[in-house]
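1. return a 3D structure for these sequence lines:
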Amino acid sequence: MLLKYFGSLAVAVFFATYAICFMPFVSQAAVIAGTIQQEHLKFGLAFKAGSTYYTVDAGQAQFLSEHMGLLAVGSAHVVAANVNVTPATVSVISAKGYRSVPGATMTADLTWDTPADSSERAEGRISLDFPEVPGLEGAKPLLSYGEHTVDRAGHVVIREETAYREPLQLSLGRIFLALSLGLPMAMLLHAVGWYLLVLRRERQSRIAALPKQGPTGILPRSFFPDPIAEWRTGLLVLAVFAFLATLFAYGSTGVVNCAYTEFAYILVAASIPVAAAVADYTGATVLNLRVELRGISIASGRKRLRWQVIPWDNVTEFREKARRRRSWVELTFKGQWKKLRITDRTILDYTNLCNCVKQCWRRSQAPRGPGRQTVQPRRRPDTRG
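-> Okay, the predicted model is just below:
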């Protein structure tokens, strides 16, 4: 099962990385020194002061078009730029979701390059330099959409690049960059596909292989844990780490953040032992139950089960609870076991388990009258002579 999982994951990572290598944001993030790159960028622009968004009129939009600056740092060099700002209504994210506010749309035809004598793996970036707009003093410019990121100094970066001198180094750099995004994305999509296409069938086959039970309501009766509980929790951990790694590598703004690709690899590497530990803990704590007339037997784990029998007289409370789409049973015991919680997602045949436990517990809680005396039937007198 594990070999099949990692084999299919490797295939998914290969195809995802291969496809991402040819995408524009990767080819423009890793370039040969001395080549010219051309981009057409589009952004949503809003000016905010406090909780107020300012309207951008035609004069202010023209001022921005003429005075918008582009700052190049490192190996990046701006050759030409044509910025056009138009008043418009844009969508921004607030605490209540998306909302429409007054602002402007900004398009930029950007031509940039890197010096031919740049050192190997020389890094550079291009950011926007907003001028002080008359009538909008004190308002902070915000980009609501478009490919950008914001660095620690507050600069709006629209391009990050790494320059290479050799084609082989360029190919390796693009593969490394594409893999930082393709690996977590493939892990995330593969986890979803593995659960939907493989684990569901595996679950049915494992349930069919369990020991057969007698007719419903006949005791003793065994109840087994979910046979894929370990896989479900392990895949959930992998999916969460893969999602976070994707945000580090690509982010929600559309720019591959070269400074954080290493964090994506760290998260992916850390996800494997964490997922294995969580799956192992889940397998060691799953519940096996056996309902009998004398009591309920409980054992944890998958192998070498150590059953502990708790008489029904030691069960002090039985409660059925439900919240939204989840249901569970709580049993309160005397002595070592204080409380046991059994959920519908962790045990098979949950409805039958509830009925069996409820009937046995109610029978044990029924009031007991004075002991009955056994009356022997009278014998008829012997009238034979």
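2. what's the host helix or strand of Ile266 in contact with?
-> Following DSSP states H and E, one finds Ile266 within helix 261-285. Here helix 261-285 makes contact (C-beta atoms under 8 Å, 6 or more residues apart in numbering) with 176-177, 180-181, 183-184, 187, 229-231, 233-235, 237-238, 241-242, 244-246, 248-249, 300-302. No exception for glycine: its C-beta is placed from N, CA and C like everyone else's.
3. quick check: the gap between the residue nearest to Tyr54 when sequence neighbours are not counted and Arg319.
-> Among residues not flanking Tyr54 along the chain, Phe47 sits closest, at 4.4 Å (C-beta to C-beta, 6 or more residues apart in numbering). Per C-beta to C-beta, to the nearest Å, Phe47 is found 57 Å from Arg319.
4. circling back to that earlier point, verify the stated contact: the residue nearest to Tyr54 with Gly135.
-> No. Phe47 is beyond contact range of Gly135, at 9.6 Å (criterion: C-beta atoms under 8 Å).
5. quick check: neighbours shared by the two?
-> In contact with both Phe47 and Gly135: Tyr54, using C-beta under 8 Å, 6+ apart.
6. please identify which of these two sits among more neighbours.
-> Each of Phe47 and Gly135 has its neighbours counted (other C-beta atoms under 10 Å); Phe47 has more, 24 against 13.
7. wait, what's in contact with that one?
-> So Phe47 contacts Tyr53, Tyr54, Val56, Gly103, Val133, Leu136, Ala139, Lys140, Pro141, Leu142 (C-beta under 8 Å, 6+ apart).
8. can you select the buried ones among these for me in ChimeraX?
-> Buried residues within the contacts of Phe47, by 16 or more other C-beta atoms under 10 Å, are selected in ChimeraX with:
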select :53,54,56,103,133,136,139,141,142
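9. out of the contacts of Phe47, who's nearest Leu3?
-> Leu142 (49.5 Å; C-beta to C-beta).
10. thinking again about what came up before, show me the contacts of helix 261-285 that map onto helices.
-> 176-177, 180-181, 183-184, 187, 229-231, 233-235, 237-238, 241-242, 244-246, 248-249 (DSSP state H).
11. quick one on the thing from earlier: which of the contacts of helix 261-285 are buried? Put it as a ChimeraX command.
-> In ChimeraX, this line selects whichever of these come out buried by 16+ other C-beta under 10 Å:
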select :177,180,181,183,184,187,229,230,231,233,234,235,237,238,241,242,244,245,246,248,249
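12. returning to that earlier point: what angle do helix 229-249 and the helix holding Ile266 make with each other?
-> Counting by axes from the mean of the first three to the mean of the last three C-alpha atoms, to 10 degrees, helix 261-285 lies at 170 degrees to helix 229-249.
13. spell out the secondary structure type for Arg290.
-> In three-state terms, and counting by DSSP: H, G, I helix; E, B strand; the rest coil, Arg290 is strand.
14. domain map for the protein?
-> 36-163, 171-285, 287-365 (automatic domain parsing).
15. out of the ones you listed, the one nearest Ala16 is which?
-> domain 171-285 (3.9 Å).
16. so where's this protein uncertain?
-> 95, 217, 250-260, 335-337, 368-385 (pLDDT under 70).
17. quick check: the residue positioned nearest the centre of it vs Val274, distance?
-> Centroid-nearest residue in the chain: Val240, 3.1 Å away (criterion: C-alpha atoms, centre = their mean). Val240 is 9 Å from Val274, where distance means C-beta to C-beta.
18. now do Gly135
-> For Gly135, the distance to Val274 - C-beta to C-beta - is 53 Å.
19. also Val309?
-> Distance from Val309 to Val274, by C-beta to C-beta: 36 Å.
20. alright, I will stop here.
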